[in-house]
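Asker: give me a model of this one.
(2 chains, ligands or ions: 2)
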Amino acid sequence: MLSSNISGPEPAAAGATAAAPSIALEIAHLTMIYARGRTAVHALDEITLSVRDREFVAIVGPSGCGKSTLLKLISGLRLPNRGAIRLYGRAVEGPRKDVGIVFQSPILLAWRTVLENVMLPIDVLGLPQETYRRKAVALLELVGLGGFADMYPQELSGGMQQRAAIARALVYDAPLLLMDEPFGALDAMTREQMNLELQRIWSAQRKTVVFITHSIAEAVFLADRMVVMSPRPGRILKIIDNPMPRARTLDDMLKPEFGELVRQVRGLLGGQAGGEL
Amino acid sequence: MNGAEDRPAAARSEGTDRKLADRLQRAALPLAVFVGLMALWEAVVDVLKIPTYLVPAPSAVFLAFIRGFAEAHYLFHALITGAQAVMGFLVGTALCLAIGVLVVVFPTMERIVYPYIVALQTVPKVAIAPLMIVWFGFGIESKIVIVALVSLFPVLVNVIAGLKSIDQDRLDLMSALSASRWQILRYLRFPNALPFIFAGLNTAIVFSVIGAIVGEFVGSNRGLGFLILQANFALDIAAAFALFVVLSIMGVTLHFTLQYIQTRVVFWAESEEFFRH
Ligand SMILES: Nc1ncnc2c1ncn2[C@@H]1O[C@H](COP(=O)(O)OP(=O)(O)O)[C@@H](O)[C@H]1O
Ligand SMILES: [Mg+2]
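Answerer: Numbers count the residues shown, from 1 in each chain, chains lettered A, B, ... in the order given. Ligands and ions are numbered 1, 2, ... in the order given. Next comes the predicted model:
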């Protein structure tokens, strides 16, 4: 019921072909080496990956394997040493309007109300205030912050702040949503709740999502495909399909298929992220 | 849920009553000590027959204070000094903001400007004061320039520090939206710097009164500084003390006015000093 209100002007690139699912994101032979003084940190090695439009892809890997680096490269915040990224057919050469990002911490501005924080991209991008204010209000409703629009972020709990950050990433119609361990700081119960909500938002908003996590269960619960990465330098070990039907419930986590997928991912990670389940 | 609203009105007013009582109780002891000290001072001056031209009794100071306002236009002179302090303070602050913004938006400017700022700071401003009288005359202009010079440094240091102290996450948030330097300044750096800037302003407001008095000492025919010199030449020490009282009332008024503005402007960062009393 909200979706008609929320889905703004359809981005030109996305959904051009309705029949066959088009490719949203193409990453080819991506390599990233940080120069830090005299030493060099080889963060990513030969990453090749395609993400379909409206697909939910989770990237799992041990801490320090280059997950955040990959996200920064996709978003154009950093440039790779080698390799190429194409987003909706255009090479990524810097930050772009068709990418929404949710960082590990909410990064809300203390001097702006929750609604004003969600409106920040609209102010910066110079989009029409009136139209998008209505959309921002509807999005706050969608993420369960309807009554908190005029409060300040420091008056909200961590989970609520992260929801506001999600609304902010959704407000400007970017078809691709990048999320970097967005629920890492939350307690287990809130985290499960947020996973359910994210699934709901994703299907309501028809977004493409690249979701980074080091929780195996979270990855399997949310994703159509799990990309499993090796320790540094990060390489793709395997991409695992998750055929479990939508919409998934927390009870699905008790099903044998779910356990089997978790086992598969954990096996690849060699117990390194084992403590996370 | 949201605290204050749900509490019955009676409970709230009871709360404020108790706060008032608490405050009175806390004020009682310092007040008693003050009265005791005044009485002791009065007694010592009286018993030891200390001449008024060395140390006047509190009663003599009080009389001089009343007479000053009634007959010697203290209010007029205080307003002159206050206006010079405030105008110099505003000019200095505006200058600092302009320099700070230049330095932060064009980083090469910092290397060019900073040596001059440091050089300026190491010169005692009192030494430049006579020159300012020569350049800008006997009137209010020279005082404004002196005040601006004296109060410049603490503000400038804080403006620059505040504008620069942004963590990478927040810059990434803005960069991801393709924000320009000016947008980053407007939406992020400037609001972020406000608590720092006010810390500088709190120091500067004290300096500005010092600057105004120094300016008047060096060359003027009105203002509290001028009156203090006159009182000293006339060995009217009671009047000099009365003028110190006027000065400190002015200082306290300016300080609390600034604190009030601070709590309004920087509402998201609690000003500890203001609430502790
Ligand atoms: N700006 C940087 N400069 C140098 N090294 C970095 C920088 N950012 C990340 N690294 C290094 O690159 C590696 C991958 O980091 P990151 O992408 O943050 O991993 P993850 O998100 O998977 O934990 C780490 O070893 C990290 O120390
Ligand atoms: Mg990371």
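
Asker: and A:Pro245, how many residues sit next to it?
Answerer: Burial measure for A:Pro245: 7 neighbouring residues, criterion other C-beta atoms under 10 Å in any protein chain shown. Just so you know, the C-beta spots here come from the backbone N, C-alpha and C atoms, and that holds for glycine as well.

Asker: and for the one 10 residues further on?
Answerer: Burial of A:Lys255, expressed as a neighbour count using other C-beta under 10 Å, amounts to 13.

Asker: for the spatially most central residue of chain A, which three-state class applies?
Answerer: Residue closest to the mean C-alpha point of chain A, counted by C-alpha atoms, centre = their mean, is A:Met179 at 2.5 Å. Following DSSP: H, G, I helix; E, B strand; the rest coil, the label given to A:Met179 is strand.

Asker: residue contacts, it?
Answerer: Contacts for A:Met179 (C-beta atoms under 8 Å, 6 or more residues apart in numbering or on different chains) come out as A:101-102, A:169, A:209-212.

Asker: 6 Å instead, please
Answerer: Applying C-beta atoms under 6 Å, 6 or more residues apart in numbering or on different chains to A:Met179 gives the contacts A:102, A:211.

Asker: check B:Pro56 and give its pLDDT.
Answerer: If you check B:Pro56, the pLDDT there is 89.

Asker: which element, helix or strand, includes the residue nearest to it when sequence neighbours are not counted?
Answerer: Distances taken as C-beta to C-beta, 6 or more residues apart in numbering or on different chains put B:Ala238 closest to B:Pro56, at 3.8 Å, once the chain neighbours are dropped. Secondary structure assigned from DSSP states H and E places B:Ala238 in helix B:237-265.

Asker: going by neighbour count, list what's buried in the helix or strand in which B:Leu90 is found.
Answerer: Following DSSP H and E, one finds B:Leu90 within helix B:74-105. Buried residues in helix B:74-105, counted by 16 or more other C-beta atoms under 10 Å in any protein chain shown: B:74, B:77-78, B:80-82, B:84-89, B:91-93, B:95-97, B:99-101, B:103-104.

Asker: now do stretch B:158-178
Answerer: Under the neighbour-count criterion of 16+ other C-beta under 10 Å, stretch B:158-178 has B:158-160, B:162-164, B:166, B:170, B:172-177 buried.

Asker: now the two most distant members of these.
Answerer: Maximum pairwise distance among these (C-beta to C-beta): 28.8 Å, between B:Asn158 and B:Ala176.

Asker: quick revisit: pick out whichever of the buried residues of stretch B:158-178 sits closest to B:Pro195.
Answerer: The nearest member of these to B:Pro195, counting by C-beta to C-beta, is B:Gly162 at 7.2 Å.

Asker: list of residues touching stretch A:45-58?
Answerer: Contact with stretch A:45-58 is made by A:21-31, A:202, A:206, A:208-211, A:219, A:222-226, A:233, A:235-236, as judged by C-beta under 6 Å, 6+ apart.

Asker: drop anything exposed from those residues.
Answerer: For the contacts of stretch A:45-58, a burial check counting by 16+ other C-beta under 10 Å picks out A:22-27, A:30-31, A:202, A:208-211, A:219, A:222-226, A:233, A:235-236.

Asker: the chain: helices as residue ranges?
Answerer: You didn't say which chain, so I picked chain A. A:3-6, A:67-74, A:114-118, A:120-125, A:129-142, A:158-170, A:188-205, A:216-222, A:256-269 (DSSP state H).

Asker: you answered for a different chain; I wanted chain B.
Answerer: Remark: helices assigned in chain B by DSSP H are B:3-6, B:9-48, B:58-71, B:74-105, B:107-122, B:125-136, B:140-164, B:168-176, B:181-184, B:190-218, B:224-233, B:237-265, B:272-276.

Asker: how about the residue of chain A most remote from its centre, phi and psi?
Answerer: Here chain A reaches farthest from its C-alpha mean at A:Arg38, the gap being 33.4 Å by C-alpha atoms, centre = their mean. Here is the backbone geometry of A:Arg38 (degrees, to the nearest 10): phi -90, psi -20.
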